[in-house]
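Provided below are the primary sequence and the corresponding predicted coordinates.
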Amino acid sequence: ANLSTALLRKAHHPHYPAVNINYNIQRHVATAEKKFECFNIQDAKDFQTRVIESPVPVIVDFHATWCGPCKLLGPRLEAIISNKEGQVSLAKVDVDENVEIAMEYLVESLPTVIGFKNGRKINKFIGLQEDDAIDSFVEKLIH
């Protein structure tokens, strides 16, 4: 049986209320429709091509695998940027793998987030921020 058939069976089963099943399906469809580009930077050439030469603004998340606040900020950035319907992209730079890029942009604390537009650094914040502040940061970069 395919997924739809299995979900329909569960929807009619007394222990699986249809409301919950339908909610999950709608939520999945809603998130699938929100298109935004999120990518990991591999090296300086990749950064040049995908960030500096990007036709849309790019938010660059400088992070490290060992950084606790970075792990909290990453999903929040993705959630906020996903609501911008492709008006901005998200690039992730692991500073341990891309030391030269981090040094070029004077990244001294993590997480550091820098907004780029038309190849130029426009704005920056360091550390965890409230969602409203992140949204404002993204909006300023877009407009």
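Done, it's in.

in this protein, which residue is most central in space?
The centroid of the chain falls nearest to residue 78 when counting by Cα atoms, centre = their mean (2.5 Å).

show me where this structure has strands.
Secondary structure of the chain by DSSP state E: the strands cover 38-40, 58-63, 89-94, 112-117, 120-126.

so residue 76 sits right up against residue 135, yeah?
No - contact status for residue 76 versus residue 135: not in contact, 9.9 Å apart, counting by Cβ atoms under 8 Å. No exception for glycine: its C-beta is placed from N, CA and C like everyone else's.

mind checking which helix or strand of the protein has the lowest mean pLDDT?
Every helix and strand in the chain was compared by mean pLDDT, DSSP states H and E; the lowest is helix 18-33, with a mean of 41.

other residues contacting stretch 38-57?
58, 60, 78, 81, 86-94, 98, 100-101, 115-117, 119, 122, 141-142 (Cβ atoms under 8 Å, 6 or more residues apart in numbering).

for residue 61, which non-adjacent residue is spatially closest?
Nearest residue to residue 61 in three dimensions, chain neighbours excluded: residue 92, at 4.9 Å (Cβ to Cβ, 6 or more residues apart in numbering).

quick one: low-confidence parts of this structure?
Within the chain, the stretches with pLDDT under 70 are 1-34.

who's in contact with the residue nearest to residue 124 when sequence neighbours are not counted?
Nearest non-adjacent residue to residue 124, counting by Cβ to Cβ, 6+ apart: residue 114, 4.7 Å away. Residue 114 makes contact with 59, 60, 62, 105, 121, 123, 124, according to Cβ under 8 Å, 6+ apart.

roughly how far apart are residue 114 and residue 35?
For residue 114, the distance to residue 35 (Cβ to Cβ, to the nearest Å) stands at 23 Å.

check residue 59 too.
Counting by Cβ to Cβ, the separation of residue 59 from residue 35 is 16 Å.

comparing the two, which residue is more hemmed in?
In this view residue 59 and residue 35 are compared by other Cβ atoms under 10 Å, and residue 59 has more residues nearby, 27 against 8.

thanks a lot, see you next time.
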